[in-house]
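> I need the structure of the sequence given here:
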Amino acid sequence: MTEADPGLFGPASVTWQLHGDPMMWVAGVRALYLQALHPLAVRGVMQNSDFREDAWGRLMRTADFVGTITYGTTDAAEKAGARVRRIHRLLKVTDPETGRTYGVDDPGLLLWVHCAEADSYLQVLRRSGYPLTARQADQYIGEHRRGARLVGLDPDRVPATTAQLAAYFARVRPQLARTPEAQDVDSFLRKPPVHPLLVPARTLLWRRVATLAYQSLPPFAHELYGRSAPPPAAVDRRLRATGTVLRAVPARLRRRLPPGHIMNAMARLGPGSRPTPYTLKRQAAILDAPGRVRRRQQAE
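Okay, the predicted model is just below:
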């Protein structure tokens with residue numbers, strides 16, 4: 001009998017468990033806020049797509065890509081990556097200040113997008129109460145390099161630990177700015193255009209998601225956008241409260257939401273492959289020597 005394909009990551013990875021959490025939606029919005037602060041990266045989006053008219057589509061396509069490379073077969077992940085690389089090769093972005101033209105597949109731009117996503121996913125989930133040790137957080141950043149390869153980056157040039165990721169942000173910080181394009185993204189995320197019948201839902205649900213995503217940004221992002229945020233401890237409390245509410249929704253219902261990547265993976269690999277934070281808790285205990293688990297967790 002042929003063994004089922006676990007895909008690019010597999011159930012033993014931190015990525016497999018983490019990406020099944022509902023707080024990933026808040027993290028995805030945070031990533032958009034952060035990505036928009038890189039002048040060339042956000043211009044690449046604005047110059048090659050109608051972001052204002054298709055922002056929802058862009059968000060869903062990103063979610064579908066992440067779901068495919070996380071839970072799909074190896075072949076599906078490779079094909080998704082090839083499709084992204086093929087599109088990026090055709091697109092250009094022009095710097096209005098210098099007149100210089102860059103490919104959207106410029107490694108520097110791809111690396112910024114990659115790091116903004118990885119940082120957002122990790123920060124939001126950890127701060128919202130998802131149980132991850134420092135070792136597992138580093139493992140997650142290292143695993144994320146597999147996705148970096150799919151979009152055209154050299155994995156060896158991509159941060160492999162949380163410390164390397166922090167060092168990258170420190171290096172790139174002088175390049176970041178609040179451009180008119182970043183302001184457009186900010187305005188859209190704060191109050192996206194919707195059908196009149198959906199205005200109450202936007203006020204009740206979306207505004208809370210967008211506000212929390214913004215508040216969870218690093219201090220330098222708040223400074224650039226020109227809006228303050230509550231103290232980090234207050235944001236952490238809000239993130240944990242939101243995480244508690246969302247995780248109270250039965251997982252069997254959340255997994256059935258389209259496009260069904262997790263359900264398809266469980267059908268392929270069996271029910272034991274379902275993403276759950278308890279899997280990472282068990283892994284942390286197994287990786288530590290007996291009697292050292294409590295001390296390590298306290299240190300982390």
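
> ok, the closest residue to S13 other than its chain neighbours to F169 distance?
Among residues not flanking S13 along the chain, E143 sits closest, at 5.5 Å (C-beta to C-beta, 6 or more residues apart in numbering). C-beta coordinates here come from the backbone N, C-alpha and C atoms, glycine included. The gap separating E143 from F169 is 19 Å, by C-beta to C-beta, to the nearest Å.

> over to H222?
From H222 over to F169 (counting by C-beta to C-beta), the distance is 14 Å.

> which residues of this structure fall in strands?
Using DSSP state E, the strands of the chain run over 92-94, 101-103.

> okay, the ones you listed in CSV with mean pLDDT next?
Converted to CSV, these look like this (pLDDT from 0 to 100):
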stretch, mean pLDDT
strand 92-94, 89
strand 101-103, 89
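
> these: which one's closest to E117?
strand 92-94 (18.6 Å; C-beta to C-beta).

> and that closest one, which strands flank it?
strand 101-103 (antiparallel) (DSSP bridges).

> contacts for the partner strand?
L40, G44, H88, R89, L91, K92, V93, T94, D95, L109 (C-beta atoms under 8 Å, 6 or more residues apart in numbering).

> repeat the analysis, applying 10 Å as the threshold.
Contacts to strand 101-103, defined as C-beta atoms under 10 Å, 6 or more residues apart in numbering, come from residues 40, 43-44, 88-95, 108-110, 152.

> now do the buried residues in it.
The neighbour-count check on strand 101-103 (16 or more other C-beta atoms under 10 Å) flags Y102, G103 as buried.

> correct me if wrong: K92 contacts L109.
No. Assessed by C-beta atoms under 10 Å, K92 is found out of contact with L109, at 11.2 Å.

> identify the contacts common to the two.
Common neighbours of K92 and L109 (C-beta under 10 Å, 6+ apart) are G44, Y102, G103.

> which one of the residues you listed sits closest to G147?
Distances from G147 to the shared contacts of K92 and L109, taken by C-beta to C-beta, are shortest for G44, at 18.8 Å.

> please name the nearest non-neighbouring residue to the closest one.
Nearest to G44 is V93, by C-beta to C-beta, 6+ apart, at 3.9 Å.

> number of residues surrounding the one you found?
For V93, the count of nearby residues is 21 (other C-beta atoms under 10 Å).

> ditto for P230
For P230, using other C-beta under 10 Å, the count is 11.

> so who does the closest residue to it other than its chain neighbours touch?
In space, P230 comes closest to Q215 once its chain neighbours are excluded; the distance is 6.1 Å by C-beta to C-beta, 6+ apart. By C-beta under 10 Å, 6+ apart, Q215 lies in contact with 30, 222, 227-232, 234-236, 238-239.

> now do the nearest residue to R227 once chain neighbours are set aside against L109, distance only.
Once flanking residues are discounted, R227 sits nearest to Y214: 7.5 Å by C-beta to C-beta, 6+ apart. Noted for Y214: a distance of 23 Å to L109, by C-beta to C-beta.

> returning to what we had before: in ChimeraX, select just the buried ones from the contacts of strand 101-103.
Burial among the contacts of strand 101-103 is assessed by 16+ other C-beta under 10 Å; the matching ChimeraX selection reads:
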select :40,43,44,88,93,109,110,152
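
> pretty sure L132 contacts V124?
No. Using C-beta under 10 Å, L132 is not in contact with V124, being 11.7 Å away.

> re earlier: ok, so of the shared contacts of K92 and L109, who is nearest A118?
After measuring those against A118 - C-beta to C-beta - the closest member comes out as G44, at 18.9 Å.

> quick one: contacts for that closest one?
35, 38, 88, 91-94, 102-106, 109, 113, 181.

> try it again at 8 Å.
Taking C-beta under 8 Å, 6+ apart, one finds L91, V93, Y102, V104, L109 in contact with G44.

> ok, now T62?
Contacts of T62 (C-beta under 8 Å, 6+ apart): G28.

> and the pLDDT at it?
pLDDT, T62: 86.

> which regions of the stretch 201-300 of the chain sit below the pLDDT cut-off?
For the stretch 201-300 of the chain, the stretches with pLDDT under 70 are 201-204, 255-258, 287-300.

> surely the residue nearest to S13 meets A12?
No. Between E143 and A12 there is no contact under C-beta atoms under 8 Å: 10.4 Å.

> what about the two, which has more around it?
Neighbours were counted for E143 and for A12 using other C-beta under 10 Å; E143 has more, 20 against 11.

> which residue packs closest to P259, ignoring adjacent ones?
D64 (5.7 Å).

> so what's the residue count around that neighbour?
15.

> what do you get for T74?
14.

> OK, contacts around it?
Going by C-beta under 8 Å, 6+ apart, T74 touches D5, G7, L8.
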